[in-house]
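Participant: Dropping the sequence and predicted coords here.
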Amino acid sequence: MRFLLATRSPDKLREIREILAPAAVALLSLADAGIPASPEEEAIEAFETFRENALAKARYFAARTALPTLADDSGLEVDALDRAPGVYTKRFSGRTDLSGKALDLANNDLLLARLEAVPLERRTARYVCAAAVAFPSGRSLVALGTSPGLIALHPSSGAGGFGYDPLFFVPALNATFADVPPGEKHRRSHRSRAFRALAPELRG
């Protein structure tokens with residue numbers, strides 16, 4: 001069975017394809033399926049939890065295409081900021097004029113500014129991912145994954161990953177997610193844990 005992957009992020013598309021490759025799950029991108037972007041997509045993720053947003057996105061595209069659809073909603077929770085940015089992770093900076101790496105940089109800069117006076121030992125954080133699948137029949141499932149870490153004092157020089165990865169320091173690796181090869185990140189990441197938990201249901 002082929003699944004549509006409901007994301008317009010090339011980084012997320014690449015990462016989820018790598019994560020699900022061992023499960024032999026065939027993934028179509030929105031571009032592969034010929035689904036143009038629509039302004040109404042901006043209103044899909046209007047909920048206060050990762051789980052609800054992931055389900056809303058999967059159900060929207062499953063209804064639109066009649067294809068079984070995978071989606072995720074993921075983000076960063078920082079304890080010193082009362083678990084912000086949370087579901088607003090991608091929009092943390094408020095910069096609607098930016099996208100891609102430029103938006104990542106703006107988000108990272110704001111996070112560092114907000115944590116400027118916070119010592120490293122109190123910069124505890126976690127990545128959270130809700131991975132959802134929705135079938136045209138109406139059946140749907142969600143799996144959650146988390147990955148704990150610290151927000152570094154400065155961005156790393158690593159070229160891997162995306163989003164907040166240059167700041168997300170994992171003590172067990174003695175490195176940020178941007179510093180390690182993709183395979184090492186996939187062993188520990190929130191997204192990998194969520195999609196690996198969902199994989200048996202996809203094969204079934």
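Facilitator: Now that the structure is in, tell me what you want to look at. Computed from a prediction, not measured in an experiment: that's the story for all the values here. Numbering: from 1, shown residues only.
Participant: Next up, the contacts around the spatially most central residue of the chain.
Facilitator: Taking Cα atoms, centre = their mean, the centroid of the chain lies closest to residue 74, which sits 3.7 Å from it. By Cβ atoms under 8 Å, 6 or more residues apart in numbering, the residues touching residue 74 are 50, 89, 127, 128, 129, 130, 190, 191, 194. Every residue, glycine included, has its C-beta placed from N, CA and C.
Participant: Now, the residues you listed that are in strands?
Facilitator: Filtering those for membership in strands, criterion DSSP state E, returns 127, 128, 129, 130.
Participant: which one of those residues is nearest residue 6?
Facilitator: Taking Cβ to Cβ as the measure, residue 6 sits nearest to residue 130 out of the ones in strands among the contacts of residue 74, at 12.8 Å.
Participant: ok so residue 150 is a helix residue?
Facilitator: No: Residue 150 is assigned strand when assessed by DSSP: H, G, I helix; E, B strand; the rest coil, not a helix.
Participant: Distance of it relative to residue 185?
Facilitator: Distance of residue 150 to residue 185, given as Cβ to Cβ, to the nearest Å: 16 Å.
Participant: Which residue of this protein lies farthest from its centroid?
Facilitator: residue 117 (27.5 Å).
Participant: mind pulling up the phi and psi values for it?
Facilitator: Here is the backbone geometry of residue 117 (degrees, to the nearest 10): phi -90, psi 10.
Participant: tell me how far the ends of stretch 40-57 are from each other?
Facilitator: Stretch 40-57 stretches 11 Å from its first residue to its last (Cα to Cα, to the nearest Å).
Participant: quick one on the thing from earlier: residues in a beta bridge with the residue nearest to the centre of the chain, which ones?
Facilitator: residue 129 (DSSP bridges).
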